[in-house]
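Asks: Pasting the sequence and the predicted coordinates here, then a few questions.
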Amino acid sequence: MAPPVDILSIEHLSMRFGGLMAIDDLSFTVRRGEITALIGPNGAGKTTVFNCITGFYKPTMGMIRMTRHDGSEHLLERLPDFVITRDAKVARTFQNIRLFSGLTVLENLLVAQHNKLMKASGYTVLGLLGAPLYKREAKAAIEKAAHWLERADLVERADDPAGDLPYGAQRRLEIARAMCTDPELLCLDEPAAGLNPRESLALNKLLRSIRDEGTSLLLIEHDMSVVMEISDHIVVLEYGQKISDGAPDHVKNDPKVIAAYLGVDDDEVEEAISEVESLDGGDKA
């Protein structure tokens, strides 16, 4: 039996903070095996959507359904954040890097597997006593960490403090750490923020390889060159509402998207499109 096409389905999601409606009746899907980008101007509600998906916020209304590869369904709006990570297999990185800067690169990857090792120890001293199950799990954890060190091009920095890494390498380490939890859906909050062109290329390569090996990705990103290069599907928000949803070519030519990014009203869309087309023509000339 083939797994469902959609790994994440968001239906009529709303999030109100007092008198502010941050998300207003939002619906979209994330398809399995694809990179979906959630974009929009500052204040559009993108991070609020992420916080609802990953359990940091409980939405005012709506349903967030995660369907795992085995067909099991999880209603994320009803679950605490640690259960979303553990059972629904959703992992997340943040806009501000949250590594354990004093630990080594390798130790950061092992920390991500702490729960599995604690379970193998029986939550007692079995690990210290060398229990066979714990030994097997510890060996598997080191092998998985070594795998992601190589994938993130960090093998040579394995024993260095994470805080000593260049910024782009810290970004890759944070993604590798999230992948050590074996997620089926990886949510990335502005992974390309602050990266130079060379670092962005390395990031794009890593994200595409993660997708190609079966993990679905949902990302917030302001760097449109990254979005257009790696995304299979784009959802555009403005003031908490969806204004466009589709393939990159469709979205980048959508008048509502052009208007939102140029900050013009609906009745000025045609003029904005003409300006964009004239700029494109000038570039081509």
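Replies: Here it is on my side, so go on.

Asks: where in the chain is pLDDT low?
Replies: 1-4, 116-134, 262-285 (pLDDT under 70).

Asks: Which residue ranges make up the domains of it?
Replies: Domain assignment for the chain by automatic domain parsing gives 1-89+183-253, 102-182.

Asks: out of these, nearest to residue 95?
Replies: domain 1-89+183-253 (4.5 Å; Cβ to Cβ). From N, CA and C alone the C-beta is placed, and that goes for glycine too.

Asks: all helices of the protein, in order?
Replies: Using DSSP state H, the helices of the chain run over 46-53, 81-86, 105-111, 114-120, 132-151, 167-179, 197-212, 224-230, 248-252, 255-262, 269-284.

Asks: Make a markdown table from the domains of the chain and add distance to residue 259 to it.
Replies: Shown next, in a markdown table, are the domains of the chain (distance: least, Cβ to Cβ, whole Å):
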| stretch | distance to residue 259 |
| --- | --- |
| domain 1-89+183-253 | 9 |
| domain 102-182 | 32 |
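
Asks: Settle this for me: residue 8 is touching residue 66, isn't it.
Replies: Yes: between residue 8 and residue 66 a contact is recorded at 5.6 Å, counting by Cβ atoms under 8 Å.

Asks: picking up where we left off before, most tightly surrounded among the helices of the chain?
Replies: Ranked by mean neighbour count, the helices of the chain are led by helix 46-53 with a mean of 23 (mean count of other Cβ atoms under 10 Å).

Asks: Which neighbouring elements make contact with that helix?
Replies: strand 6-17, strand 20-31, strand 35-39, strand 61-67, strand 185-189, strand 216-220 (3 or more Cβ pairs under 8 Å, 6 or more residues apart in numbering; DSSP states H and E).

Asks: Quick one: closest of those to residue 229.
Replies: Using Cβ to Cβ, the helices and strands packed on helix 46-53 put strand 35-39 closest to residue 229, at 10.0 Å.

Asks: Please put the alpha-carbon coordinates of stretch 90-102 into CSV.
Replies: In CSV, the C-alpha atoms belonging to stretch 90-102 read as follows (Å, rounded to 0.1, in the frame of the first residue of the first chain):
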residue,chain,number,x,y,z
VAL,A,90,8.6,16.3,13.4
ALA,A,91,11.9,18.1,14.0
ARG,A,92,12.7,21.8,13.9
THR,A,93,15.5,24.3,13.8
PHE,A,94,15.2,28.0,14.8
GLN,A,95,16.0,31.3,13.3
ASN,A,96,18.5,31.9,16.0
ILE,A,97,21.0,29.1,16.3
ARG,A,98,20.6,27.0,19.4
LEU,A,99,23.6,24.8,19.6
PHE,A,100,25.3,23.7,22.8
SER,A,101,28.3,25.9,22.0
GLY,A,102,30.5,24.5,24.8
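
Asks: got the contact list for that stretch?
Replies: In this structure, residues lying in contact with stretch 90-102 by Cβ atoms under 8 Å, 6 or more residues apart in numbering are 47, 50, 53-54, 66, 76, 84-85, 107-108, 111, 161-163, 167, 170-171, 173-175, 177-179, 181, 183-191, 193, 220.

Asks: how about the nearest residue to residue 204, chain neighbours excluded?
Replies: residue 230 (5.3 Å; Cβ to Cβ, 6 or more residues apart in numbering).

Asks: now residue 179
Replies: Closest residue to residue 179 apart from its sequence neighbours, by Cβ to Cβ, 6+ apart: residue 148 at 5.7 Å.
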